[in-house]
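Novice: how would this look folded up:
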Amino acid sequence: MDDERQLRAKDYERIGRSIENVVASGYADQRRIYRINFWRGVVFGLGAALGGSLAVASIIYILSLFTELPLIGDLVQTVRDSIEAR
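Specialist: Okay, the predicted model is just below:
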């Protein structure tokens with residue numbers, strides 16, 4: 001198992017050096033790489049926020065279908081009222 005880890009570490013080191021050589025040689029523009037990574041992060045963050053909002057809204061909607069149940073109904077109604085109040 002140590003041999004596998006050592007091979008992985010060597011592979012990662014080799015890949016890292018290759019990337020450094022590509023950037024250092026001028027083949028890849030460093031500003032372009034930063035710009036692409038910045039926009040990738042922005043889009044990833046927006047997607048995560050949108051996906052999280054849809055997931056929470058779906059859960060609240062599904063729970064609102066069970067308002068007649070004794071224990072869940074009161075809790076769901078309280079959450080629903082607080083959301084509508086805002």
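
Novice: remind me which residues of the chain are low pLDDT?
Specialist: Applying pLDDT under 70 to the chain picks out residues 1-7.

Novice: hmm, 90 instead?
Specialist: Within the chain, the stretches with pLDDT under 90 are 1-34, 56-57, 59-86.

Novice: what segments of it are strands?
Specialist: Here the chain has no strands by DSSP state E.

Novice: distance between the longest helix seen in it and the chain's centre?
Specialist: In the chain, assigned by DSSP state H, the helix with the most residues is helix 30-64. Offset of helix 30-64 from its chain centre (Cα atoms, centre = their mean, to the nearest Å): 6 Å.

Novice: go on, stretch 10-23?
Specialist: 26 Å.

Novice: got a list of contacts for it?
Specialist: Applying Cβ atoms under 8 Å, 6 or more residues apart in numbering, the contact partners of stretch 10-23 are 28, 30, 33. In short, each C-beta sits where N, CA and C put it, glycine included.

Novice: who touches the residue most central in space within the chain in this structure?
Specialist: By Cα atoms, centre = their mean, the chain has its centre lying nearest to residue 48, at 4.9 Å. Applying Cβ under 8 Å, 6+ apart, we find residue 48 in contact with no residue.

Novice: I'd like the distance between it and residue 55.
Specialist: When distance is defined by Cβ to Cβ, to the nearest Å, residue 48 is 10 Å away from residue 55.

Novice: show the contacting residues for residue 82.
Specialist: Residue 82 neighbours (Cβ under 8 Å, 6+ apart): none.
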